[in-house]
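# Show me how the following folds:
(chains A and B)
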Number of protein chains: 2
Amino acid sequence: MVKTKSLKNYAQQYRSELLEEIIPFWESFSVDRQHGGYFTCLTPQGKVYDTDKFVWLQARQAWMFSKFYSTIEQRKEWLEMAGNGVQFLEKYGRDSEGNWYFSLDKKGNPLVQPYNIFSDCFAAMAFGAYSEITGDQKYAAIAKETFGNILKRQHNTKGIYNKKFPGTRELKNFALPMILCNLSLELESILDAGQVENLTNNISKQILEEFYDESRGIVLENISTDGHFVDSFEGRLLNPGHAIEAMWFIMNIGIRNNDDRLVKKAERIMYQQLELGWDHTHGGIFYFLDAKGHPPEKLEWDQKLWWVHLETLVALAKTYAYNQSPLAKDWFKKVHDYTWNHFRDLEHGGEWYGYLNRRGELLLPLKGGKWKGCFHVPRALLEISKTLDI
Amino acid sequence: MVKTKSLKNYAQQYRSELLEEIIPFWESFSVDRQHGGYFTCLTPQGKVYDTDKFVWLQARQAWMFSKFYSTIEQRKEWLEMAGNGVQFLEKYGRDSEGNWYFSLDKKGNPLVQPYNIFSDCFAAMAFGAYSEITGDQKYAAIAKETFGNILKRQHNTKGIYNKKFPGTRELKNFALPMILCNLSLELESILDAGQVENLTNNISKQILEEFYDESRGIVLENISTDGHFVDSFEGRLLNPGHAIEAMWFIMNIGIRNNDDRLVKKAERIMYQQLELGWDHTHGGIFYFLDAKGHPPEKLEWDQKLWWVHLETLVALAKTYAYNQSPLAKDWFKKVHDYTWNHFRDLEHGGEWYGYLNRRGELLLPLKGGKWKGCFHVPRALLEISKTLDI
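Okay, the predicted model is just below:
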């Protein structure tokens, strides 16, 4: 019976799924042996349906295989797989100023300009992790340079592609600080200790005191530059999965710094967003909501996305490992059941599906695309199997 | 029995709905008496839930009320309603180079830069129509200047906000030529006759010979600059409602020019897109599809949108009025039943709903928002009531 099962017993299930289904899928179907890099647009059977290469997804996969190599086992093929992405990115990924393009064609020709700073964030992560496993300082240098660039661009990430009229309603967005929390820890070995300390302190403070709106009990995706709620479409936007993912990044910082208060605050906020985001009619967690309950601008608001559920499982596993609370255990089991029953592909196995409608029915029959690659499923399975194996 | 009802009998139903439900809704709830212009973000009850002003929606409403005045009845309040939008736009809508912003706050301060040429297209339409009903040449001059600007920008509509890397994969998009078909005829009275002739000929040719892919029987949203199918997410994108709407613009050109071949070709393409877009499981027309049947990039692909269905009804009414074919009649009744049964608000009356999920259930409880204003419902009801009253 599920009730009597300790969460520790899940560790093996997550690890087997990773090693027997997820990793083999990407190893078998994603490698472009002709031009280098990875294909990410893959059908349920692993067939390539589009050959464009999205820089952030290339980087995520290179990072992921570097992590498999450093944390699971030093398999030669994982090292090569990571190198396949890193070398493609090194050759084709940047413009003359060192900014990372958003997308390239299969041969590496740039398609979309570096308007999106997440290309840079994941490139820094990939080159950092690859330099760690190879010991090659050339890659560490690229990671450091990219990280410096991100900090330079952080207050106007879109640069010349920013369409906002200056001065009328200046907003700051949650995504970059949130990613910087994680990125700083990921790059800890190649950054100055003081810099990591400073960044993680400042950013977690900004998230917990500004983006987290205590009076409303919600994490806002966009706030005014002086840290307040703005009553507009962007200002009212909530993304519960995003907020929950950030909370496990902050828990990591708290655990690293032996800061129990920080961990507990992140835990409390995480539960609030989960309660808020849970669909009591059909199960699963909504993609977007509006802080005032108005109709969200995003038409996909009620859909159920793989990464939202997997990141929530990571957050719950971390909470449980930290304090073994029954609340964490109950929520973990509930989200686990929804996630495994709805996103896994029972017919073909391999990587999981990504996009379901509100009822949990398959919306897009794909394993990867423009916005889904080799990242959230394997990272979560890896994190959870390690976290629960206590 | 529906079978014995001639389509002529629908004319009165469409006219009553327009005069008794739709127009009163916008008259009662959308006017900003303090700052001018219109609120478009309205709940089912007509309450304003967001006060931002989207230039293209301001212009669409000003155009719409000008049309009510010129084609239904010269009511003083409709003239004032049109003027309320036109004056707000004249005062706040443009940057120093005459390009129209995308959005303003309620007081008229610019929020989003002129990256979107549809602001300009609908501003030209509004100022043209308002100059016609007032006889004031000042407004005709703004319309003409804006139209000239659109033609200047047509090959790079996003200007400095264009994120495409030049040269790798140059595409042209269907939306602007499609709108120019309609806009040229709308502005006929203030443009040179030769210019209208030239534009409509060139553009309808481009649509029917390039964007329409004869071998596949589909209208593509994006093609290479030399007029061919491109196998990428954008190149494979289909938007059946968009294609069908363009076909009634082209039918108008054909009817105006006594070009029976043009009307018949547009009719044939319209039926193809309708067959392709119809959801045989749940009824209604899909929002987006992929030309090769791959998963569309757009997460909202399977949703049912009001304008898609209303524009299809206009196209079918025009076809029926032109040739009284039984096929047009059958399709009209089928789409009419779906549309009236699913988008009308039986509880509150007034403007119709806009966004349904694939099953036809309400997805967003709103009458207007950032992308829906006073336009497709009233324009279609007006067009259909005039077209079928033969």
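# A:Thr225 touches A:Asn173, doesn't it?
No - with contact defined as Cβ atoms under 8 Å, A:Thr225 does not count as touching A:Asn173 (10.7 Å). Every C-beta, even on glycine, is put in place using the N, C-alpha and C of the backbone.
# The two: which is more packed in?
A:Asn173 (16 against 12; other Cβ atoms under 10 Å in any protein chain shown).
# quick one, phi/psi of the closest residue to that one other than its chain neighbours?
Using Cβ to Cβ, 6 or more residues apart in numbering or on different chains and skipping residues adjacent in sequence, the residue nearest A:Asn173 is A:Asn222, 5.4 Å away. Backbone geometry at A:Asn222, expressed as degrees, to the nearest 10, gives phi -140, psi 130.
# Now do A:Asn222 against B:Leu183, distance only.
34 Å (Cβ to Cβ, to the nearest Å).
# and what of A:Pro296?
A:Pro296 is 32 Å from B:Leu183, by Cβ to Cβ.
# now do A:Ser30
46 Å.
# Which of the helices or strands spans the closest residue to A:Leu299 other than its chain neighbours?
Excluding the flanking residues, the one nearest A:Leu299 by Cβ to Cβ, 6+ apart is B:Glu300, at 3.9 Å. For B:Glu300, there is no enclosing helix or strand under DSSP states H and E.
# tally of neighbours for B:Glu300?
Around B:Glu300 there are 19 residues (other Cβ under 10 Å).
# right, and it touches A:Glu300 too?
Yes - with contacts counted by Cβ under 8 Å, B:Glu300 reaches A:Glu300, the gap being 5.7 Å.
# who touches the closest residue to chain B within the stretch 1-150 of chain A in this structure?
Of all residues in the stretch 1-150 of chain A, A:Pro110 sits closest to chain B, at 4.1 Å by Cβ to the nearest Cβ. By Cβ atoms under 8 Å, 6 or more residues apart in numbering or on different chains, the contact list for A:Pro110 reads A:92, A:95, A:101, A:103-104, B:165, B:168.
# what pLDDT does it get?
pLDDT for A:Pro110: 98.
# phi, psi of it?
Torsion angles, degrees, to the nearest 10, at A:Pro110: phi -70, psi 140.
# Excluding chain neighbours, what is closest to it?
That would be B:Phe165: by Cβ to Cβ, 6+ apart, it lies 4.1 Å from A:Pro110.
# residue ranges of the strands in the stretch 51-200 of chain A, please?
A:53-54, A:103-104, A:110-112, A:171-173 (DSSP state E, counting those that start in this stretch).
# Put together CSV for the ones you listed, with distance to B:Met81 on each row.
Formatted as CSV, the strands of the stretch 51-200 of chain A follow (distance: least, Cβ to Cβ, whole Å):
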stretch, distance to B:Met81
strand A:53-54, 47
strand A:103-104, 45
strand A:110-112, 42
strand A:171-173, 33
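# ok, back up a step: quick check: the residue nearest to A:Pro110 vs B:Phe211, distance?
Taking Cβ to Cβ, one finds B:Phe165 at 23 Å from B:Phe211.
# tell me which of the contacts of A:Pro110 is nearest to A:Lys333?
Nearest to A:Lys333 among those: A:Ser103, at 39.1 Å, using Cβ to Cβ.
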